[in-house]
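Chemist: Whatever this is, show me its structure:
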Amino acid sequence: MTDVILSVAGITKTFPGVRALADVSFDVRAGEVHALMGENGAGKSTLMKVLAGLYKPDAGTITLRDEPVTITSPLVAREKGILLIHQELSLSPELSVAENIYLGAWPTNALGMLNKRKLRADAKAALDALGCDFGPDVRVGTLSIARQQMVEIARAQAFNADVVIFDEPTASLTDGERRQLFATIARLKSAGVGIVYISHKMDEIFEITDRITVLRDGQVQGTRITADTDLAGITRMMIGRDLASYFHRAREDFRDEVLRVEGLTHASLFSGVDLSVRAGEVLGLYGLVGAGRSELVETIFGLRHADAGRLIWKGQEIPFPTPRQAVDLGMALVPESRKEQGLVLGMGGRENVTLPHLAMFSSAGVMDRGREREVFDTYRDILDIKTTGPEQPVEKLSGGNQQKFVLAKWLCAAPSLIILDEPTRGIDVGSKSAIHELIAKLAEDGLAVIVISSEMPEVLGVSHRILTMTEGRISGSFTGDGMTEQALIDAVSQPANRAVQEDIA
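Modeler: You can find the predicted model right below:
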C-alpha cells in the first residue's frame, strides 16, 4: 500500500459567499480504503465532485499516476479511471443492467450500430467478476437498492477504474447487503484499486479503512492511519473539541402512560404488536431493515391502515387516527427520509416549520408572517440551526440542519409524543451528539419519545427501554443492565417469539 494513484494539491473551490475548499491536498494509494470524513458542510462532497468532473476547481492540481490531469466532466473522469458512486444512484431504471454499465460508451460494430452481443458479453464478465447474482439483461428498475449499487460498481470493473469513490454507500442497505458491499470493496482493494470511502458511520470507518483524512470548514485537519487512532481522536479533528459525552440519556422521571397499543396488526407487515410509552421515557425500537419498525409507527400515526388492534391514548381507547387527527391529538412523527417525507426542499425554513400548522399562524385565511418569523427565530436558536435566514431553501443546508428543521416543525406544536425514525441518519458526529442531547431534553421536559435506529450504539445510548422487532413481531424487551449489544443481536437474529411481549409496561 505505497503507490499513490491519485493526488490533489492546493485544491480551492468557492461558491457565492462560501469558500467550500481551501488549499486542500489529499491522496489515494493503490489497494487502500481511504476514508474522507468531516461534518456536513466540511467540503467532502465538493472535493469528490471536483475529482469526478462535476465541479471545476478555482485553483490546484490533480495528478493521476504521476501525470497532471484536467477533469472536465464525469465522462472524462470515467475515461481516466475515476468513478464516483453517489448515495443517490445515477442509473436509468428503464434500461437493462448492461445498458447502464456502458451508458455513454456502448460498443458499436463497423456500421456504427450497437453491438448487442458484445455489450451483453462484456457486462456479464464485469458482473461475474463481482460475484453478482443477476444477469446483464435484467431491467435495473426491478433490482433492489443493493443490487443497483452493484451495477454502479460493475462500471468500475468494466472500465478498469483506478479509483472508486463511495459516498455514503450503506445508507439504504440491510446488514446483509452491507456485508456484501464490504466483500466487494475488499475484492477491488485486492485488485489494486484505490477506494475513497465517505460515511458518517464510525463503526464502518474503523472496520474497513486503512487511512482517515478529516476536513473541517473546507480545510484538511490531518490524515491518520486508522489502526493508530480512535473515535475520540477523529471526533476532535472533525469538530475541533472533545465530545464530553457522545450519547445523552435522560434522567429517569417517568410519568403517566401516553400511548399503548395492543395486538396491532397490519397484514404482511407486522402482527400482534404490543407496546407502551410513558411521559418522560425514551423507548427504543431496534431491528434489522425490513423488520417492520417504520411501518409500525406509520400505522400508529395513521399513515397506514391497521387491520387489528387497540390504541389507548392517555388512558382512553380511541379509534386509530388519520394523520391530521394524530397531530391534533399531540402526536408527531419525524420520518426516516427527511428529503422525501419531512421537508419541502425548495421552501425556506420558515415555511417548512409552519406548514403542518397553518391554523396556528393565520386568521381569516391570512398568514401572520410576523408570528411565523418569531417561531422560526425561536427554534433556530434552540436547535442551533445554521442558516442564512428564514427564506433560505432547506435544500441548500447540510443534512444535520435539515433534520433540525424537521424537528422544529413538530416541536412548535408542543406534542405529547414524538416518534423519531432514524433521527441521525446521514448526519455528522457533531450534529448526532446535538440530537442525542435534544432527545434527552425532550424526555426530561415530559414528552414521550420513541426512537427507531439501525445503529445499535445509538439506540443503547439514548433509550430507557428497548423493544426489538424481527419479522414483524416484537422479539425482545430490555431495560437496565439487560440492554447490551449481545442481547439485541440475539433478539434480532432468531425468529420472533410472541411470548417475549410480556414486558410492555
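
Chemist: Surely residue 140 is in contact with residue 93?
Modeler: Yes: using C-beta atoms under 8 Å, residue 140 is in contact with residue 93, at 5.2 Å. C-beta coordinates here come from the backbone N, C-alpha and C atoms, glycine included.

Chemist: Same drill for the two, tell me which one is more crowded.
Modeler: residue 140 (21 against 12; other C-beta atoms under 10 Å).

Chemist: Which residues are in contact with residue 238?
Modeler: Neighbour list for residue 238: 37, 38, 39, 42, 214, 216, 221, 428, 429, 430 [criterion: C-beta atoms under 8 Å, 6 or more residues apart in numbering].

Chemist: now do 6 Å
Modeler: 38, 39, 214, 429 (C-beta atoms under 6 Å, 6 or more residues apart in numbering).

Chemist: how much space between residue 366 and residue 372?
Modeler: 12 Å (C-beta to C-beta, to the nearest Å).

Chemist: Could you list the domains of the protein?
Modeler: When the chain is parsed with automatic domain parsing, its domains come out as 4-239, 243-330+415-505, 343-414.

Chemist: which residues touch residue 332?
Modeler: Contacts of residue 332 by C-beta under 6 Å, 6+ apart are 410, 415, 418.

Chemist: Contact partners for the second one?
Modeler: Neighbouring residues of residue 415 by C-beta under 6 Å, 6+ apart: 330, 332.

Chemist: Residue 220 now?
Modeler: By C-beta under 6 Å, 6+ apart, the neighbours of residue 220 are residue 24.

Chemist: can you check the one 4 residues further on too?
Modeler: Counting by C-beta under 6 Å, 6+ apart, residue 224 touches residue 212.

Chemist: and it, what helix or strand is that in?
Modeler: strand 219-225 (DSSP states H and E).

Chemist: Could you pull out the buried residues of that strand?
Modeler: Buried positions in strand 219-225, judged by neighbour count with 16 or more other C-beta atoms under 10 Å: 220, 221, 223, 224.

Chemist: so can I have TSV of the residues you listed showing distance to residue 269 and pLDDT?
Modeler: Formatted as TSV, those follow (distance: C-beta to C-beta, whole Å; pLDDT from 0 to 100):
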residue	distance to residue 269	pLDDT
220	46	94
221	45	93
223	46	95
224	44	95
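
Chemist: Do a quick rundown of the strands in the stretch 101-250 of the chain.
Modeler: 163-167, 194-198, 211-216, 219-225 (DSSP state E, counting those that start in this stretch).

Chemist: Give me the buried positions along stretch 352-360.
Modeler: 352, 353, 354, 356, 357.

Chemist: Looking at those residues, which are in strands?
Modeler: Judged by DSSP state E, the subset of those located in strands is empty.

Chemist: ok, which pair from the residues you listed is furthest apart?
Modeler: Farthest-apart pair in these is 352 and 357; separation 11.2 Å (C-beta to C-beta).

Chemist: Tell me which residues touch residue 13, please.
Modeler: Applying C-beta under 6 Å, 6+ apart, the residues near residue 13 are 20, 21, 46, 57, 58.

Chemist: Make TSV out of these and add distance to residue 467, secondary structure and neighbour count.
Modeler: Supplementary listing: the contacts of residue 13 in TSV, determined by distance: C-beta to C-beta, whole Å; DSSP: H, G, I helix; E, B strand; the rest coil; neighbours: other C-beta atoms under 10 Å:
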residue	distance to residue 467	secondary structure	neighbour count
20	42	strand	24
21	44	strand	28
46	41	helix	21
57	50	coil	22
58	52	coil	14
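
Chemist: Residue 156: which of these is nearest?
Modeler: residue 46 (21.9 Å).

Chemist: The domains of the chain into TSV, with extra columns for distance to residue 336?
Modeler: Formatted as TSV, these follow (distance: least, C-beta to C-beta, whole Å):
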stretch	distance to residue 336
domain 4-239	10
domain 243-330+415-505	4
domain 343-414	11
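
Chemist: closest one to residue 337 among the ones you listed?
Modeler: Using C-beta to C-beta, the nearest of those to residue 337 is domain 243-330+415-505, at 8.4 Å.

Chemist: wait, residue 348 sits on residue 391?
Modeler: Yes: using C-beta atoms under 6 Å, residue 348 makes contact with residue 391 at a distance of 4.0 Å.

Chemist: So for these two, which sits in the more crowded spot?
Modeler: Neighbour count, other C-beta under 10 Å: between residue 348 and residue 391, residue 348 has more, with 19 against 12.

Chemist: do you know how far residue 460 is from residue 429?
Modeler: 17 Å.

Chemist: need the helices for the stretch 101-250 of the chain, in chain order.
Modeler: Using DSSP state H, counting those that start in this stretch, the helices of the stretch 101-250 of the chain run over 116-129, 145-158, 175-190, 202-208, 231-239.

Chemist: can you redo those as TSV with distance to residue 400 and mean pLDDT?
Modeler: As requested, the helices of the stretch 101-250 of the chain are arranged in TSV below (distance: least, C-beta to C-beta, whole Å; pLDDT from 0 to 100):
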stretch	distance to residue 400	mean pLDDT
helix 116-129	37	88
helix 145-158	23	81
helix 175-190	23	85
helix 202-208	15	90
helix 231-239	11	82
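
Chemist: what about these, which gets the closest to residue 438?
Modeler: helix 231-239 (16.6 Å).

Chemist: From the chain's centre, how far out is the following helix or strand past that closest one? Work that out for me.
Modeler: With elements assigned by DSSP H and E, the helix or strand that comes after helix 231-239 is strand 257-266. Computed by C-alpha atoms, centre = their mean, to the nearest Å, the chain-centroid distance of strand 257-266 equals 28 Å.

Chemist: and the angle for the helix or strand containing residue 436 with helix 231-239?
Modeler: For residue 436, the host element (DSSP H and E) is helix 429-444. If you take axes from the mean of the first three to the mean of the last three C-alpha atoms, to 10 degrees, helix 429-444 sits at 100 degrees to helix 231-239.

Chemist: what does helix 429-444 contact?
Modeler: Against helix 429-444 from outside (C-beta under 6 Å, 6+ apart): 39, 235, 238-239, 243, 246-248, 250, 280, 282, 400, 423-424, 449, 462.

Chemist: what's the angle between that helix and strand 211-216?
Modeler: Going by the same axes, to 10 degrees, helix 429-444 makes 70 degrees with strand 211-216.

Chemist: measure residue 411 to residue 383 for me?
Modeler: Taking C-beta to C-beta, one finds residue 411 at 8 Å from residue 383.

Chemist: okay, those two: which has more neighbours?
Modeler: Ranked by neighbour count (other C-beta under 10 Å), residue 411 and residue 383 place residue 411 first, with 23 against 19.

Chemist: Now do the phi/psi pair for the more buried one.
Modeler: phi -70, psi -30 (degrees, to the nearest 10).

Chemist: What residue, apart from its backbone neighbours, is nearest it spatially?
Modeler: For residue 411, ignoring the flanking residues on the chain, the nearest one in space by C-beta to C-beta, 6 or more residues apart in numbering is residue 379 at 6.6 Å.

Chemist: If we go by neighbour counts, what in the one helix or strand that neighbour maps to is buried?
Modeler: Using DSSP H and E, residue 379 sits in helix 369-383. For helix 369-383, the buried set under the neighbour-count rule, 16+ other C-beta under 10 Å, comprises 372, 375, 376, 379, 380, 383.
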